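[1] heads up, no residue letters with this:
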């Protein structure tokens, strides 16, 4: 029995040492192995073997993407306070031995790494914003991100990390500045609305003037055509009257009668027409014999002129 107990103890110790020789590394994680505090090698995900009692797992480093939210303040060149809310996405540079060594030994712990990373990003953004005006900050969101990534890529590589993305989710100013910016936007909208309304009114009045001008042109053209037709009608009427008088005069001459009878008849018919269609209006008409003779002579002269044109 005295010999069996030491054997059991030795066997138990051997089993403990044997089981401690196997190390399981989770997927997405790299284990760093040291020997007496000095870096020795890295262990990839899965079941790995290490020398018991000599090799020690110093740390387990996640190679998955990590994110952190930031809130900080910057001042523009025109002394306006700008407040940023950002989301930082970063990861281990790669699974190479050199990158893993940098991640494992550059910083004492994760808290110190995050402190250095956040302060570096804040300093880069503040230095960039300090050269810009308040009105330009909102439209430079993409430029700020590109500037930070350009400045930090080399620094983070020496730490074993890579900046994958930086999203500026919220950019705000002091309440007074926000209020003034809202007033500027409102005044610009009112100005644009007034300009649009003025243009609409101008177009309406222009179209109305064009329509009125076209209506006047159409009415004038119609009046011109009507006057032309009235003139043609009067000319045709006079032509027919002259033809009728010529025929009547020829018949009177063939009957050996005085043609002045025709003129006298026309004179009396005209007076009768005036009396029938006057509708109560007063018409002053020289009904003397001298006036009738003068009118007859004028009519006879017109007939003679017409006969001369016909003979020609």
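    Thanks, I have the structure now. All figures in this text were calculated on a predicted structure; none of them were measured in a lab.
[2] residue boundaries of the helices in the stretch 1-150 of the chain?
    Counting by DSSP state H, counting those that start in this stretch, one finds helices in the stretch 1-150 of the chain at the ranges 4-20, 97-105, 110-129, 134-137, 141-159.
[3] Which secondary structure elements does the longest one sit against?
    To tie it back to what came earlier, the one meant is helix 110-129. strand 66-75, strand 81-92, helix 141-159 (3 or more C-beta pairs under 8 Å, 6 or more residues apart in numbering; DSSP states H and E). In this view, the C-beta of every residue, glycine as well, is placed from N, C-alpha and C.
[4] Quick check: which of the ones you listed is nearest to residue 226?
    helix 141-159 (72.7 Å; C-beta to C-beta).
[5] so what's residue 72 up against?
    83-84, 86, 122, 125-126 (C-beta atoms under 8 Å, 6 or more residues apart in numbering).
[6] Bridge partners for it, pull those for me.
    residue 84 (DSSP bridges).
[7] Just send the helices of the stretch 1-150 of the chain back as JSON lines, with mean neighbour count, distance to residue 90 and mean pLDDT too.
    Putting the helices of the stretch 1-150 of the chain into JSON lines (neighbours: other C-beta atoms under 10 Å; distance: least, C-beta to C-beta, whole Å; pLDDT from 0 to 100) gives the following:
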{"stretch": "helix 4-20", "mean neighbour count": "10", "distance to residue 90": "34", "mean pLDDT": "69"}
{"stretch": "helix 97-105", "mean neighbour count": "17", "distance to residue 90": "11", "mean pLDDT": "87"}
{"stretch": "helix 110-129", "mean neighbour count": "16", "distance to residue 90": "7", "mean pLDDT": "86"}
{"stretch": "helix 134-137", "mean neighbour count": "17", "distance to residue 90": "24", "mean pLDDT": "80"}
{"stretch": "helix 141-159", "mean neighbour count": "15", "distance to residue 90": "7", "mean pLDDT": "84"}
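[8] Look up phi and psi at the residue most central in space within the chain.
    Closest to where the C-alpha atoms of the chain average out (C-alpha atoms, centre = their mean) is residue 192, at 12.9 Å. Dihedral pair for residue 192: phi -60, psi -40, per degrees, to the nearest 10.
[9] picking up where we left off before, need the contacts of residue 72 in TSV (columns: distance to residue 205).
    Output for those, formatted as TSV (distance: C-beta to C-beta, whole Å):
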residue	distance to residue 205
83	50
84	51
86	54
122	59
125	54
126	55
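[10] any idea which of the residues you listed is closest to residue 163?
    Nearest to residue 163 among these, with distances taken as C-beta to C-beta, is residue 86, at 11.8 Å.
[11] Residue 166 is in contact with that closest one, correct?
    Yes. Judged on C-beta atoms under 8 Å, residue 86 makes contact with residue 166 at a distance of 6.1 Å.
[12] who touches both of those two?
    residue 121.
[13] Skipping its backbone neighbours, what lies nearest residue 83 in space?
    Excluding the flanking residues, the one nearest residue 83 by C-beta to C-beta, 6 or more residues apart in numbering is residue 172, at 4.8 Å.
[14] The one you found looks like it's in a strand, true?
    Yes. Assigned with DSSP: H, G, I helix; E, B strand; the rest coil, residue 172 falls within a strand.
[15] Neighbours of it, how many?
    13 (other C-beta atoms under 10 Å).
[16] what's the answer for residue 234, then?
    10.
[17] That one: what's it in contact with?
    Taking C-beta under 8 Å, 6+ apart as the test, residue 234 contacts no residue whatsoever.
[18] what's the angle from the helix or strand harbouring it to strand 81-92?
    Residue 234 belongs to helix 175-254 when assigned by DSSP states H and E. With axes from the mean of the first three to the mean of the last three C-alpha atoms, to 10 degrees as the basis, helix 175-254 and strand 81-92 are set at 110 degrees to each other.
[19] Make JSON lines from the helices of the stretch 1-150 of the chain and add distance to residue 179 to it.
    Supplementary listing: these in JSON lines, determined by distance: least, C-beta to C-beta, whole Å:
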{"stretch": "helix 4-20", "distance to residue 179": "67"}
{"stretch": "helix 97-105", "distance to residue 179": "47"}
{"stretch": "helix 110-129", "distance to residue 179": "21"}
{"stretch": "helix 134-137", "distance to residue 179": "13"}
{"stretch": "helix 141-159", "distance to residue 179": "22"}
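[20] To residue 294, which of those helices lies closest?
    helix 134-137 (96.0 Å).
[21] And the closest one, how far out from the chain middle?
    22 Å (C-alpha atoms, centre = their mean, to the nearest Å).
[22] Which strands or helices does it pack on?
    Packed next to helix 134-137, using 3+ C-beta pairs under 8 Å, 6+ apart, is no helix or strand.
[23] what comes into contact with it?
    With C-beta under 8 Å, 6+ apart as the test, helix 134-137 has contacts from 76, 78, 80, 82, 129, 171, 173, 177.
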